[in-house]
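J.: Below is the sequence, then the predicted model.
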Amino acid sequence: MKPLRRTGDTMLRCYDCAVSNAKKEAVSLCIMCGKGLCMDHAKRVDLPIWEGGFPVPVKMLKKGLPRFLCDDCATIVIPGGSD
């Protein structure tokens, strides 16, 4: 079986780690700004899913749609900050 990466290939790196001269591979992308994020910098957010017909959704489903955000974008999307 062939290795997934050839020698010399690089993976996408975490933007926030790269700013501080660290080298961590990204595991996700921020859905708002597109930054590469490592496990330490990715914030998981379950966005609500609404069910119902036009013009008004009837109810919110119990389980949200999982998405990842960076710290900067999480402060905008999550009420009360990115805690």
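T.: Yep, it's here.
J.: residue ranges of the helices in the chain, please?
T.: Secondary structure of the chain (DSSP state H): helices at 15-19, 71-77.
J.: These: lowest mean pLDDT?
T.: The minimum mean pLDDT among the helices of the chain belongs to helix 71-77 (a mean of 87).
J.: who touches that helix?
T.: Asp16, Cys30, Ile31, Met32, Cys33, His41, Lys43, Val45, Leu69, Gly81, Ser82 (C-beta atoms under 8 Å, 6 or more residues apart in numbering). The way it works is simple: take the backbone N, C-alpha and C, and place the C-beta from them, glycine included.
J.: about what we covered before: okay if I get the helices of the chain as TSV plus distance to Leu61 and mean neighbour count?
T.: Putting those into TSV (distance: least, C-beta to C-beta, whole Å; neighbours: other C-beta atoms under 10 Å) gives the following:
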stretch	distance to Leu61	mean neighbour count
helix 15-19	32	16
helix 71-77	19	15
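J.: which residues does Lys43 bridge with?
T.: For Lys43, the residues forming beta bridges with it (DSSP bridges) are Leu69.
J.: would TSV of the helices of the chain with distance to Met60 be doable?
T.: Converted to TSV, the helices of the chain look like this (distance: least, C-beta to C-beta, whole Å):
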stretch	distance to Met60
helix 15-19	32
helix 71-77	16
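J.: coming back round to it: greatest separation within the contacts of helix 71-77: which pair is it?
T.: The largest separation in these, counting by C-beta to C-beta, is between Ile31 and Gly81 at 17.8 Å.
J.: Specify which residue of those two has the higher count of neighbours.
T.: For Ile31 and Gly81, the more surrounded residue by other C-beta atoms under 10 Å is Ile31, and the numbers stand at 14 against 9.
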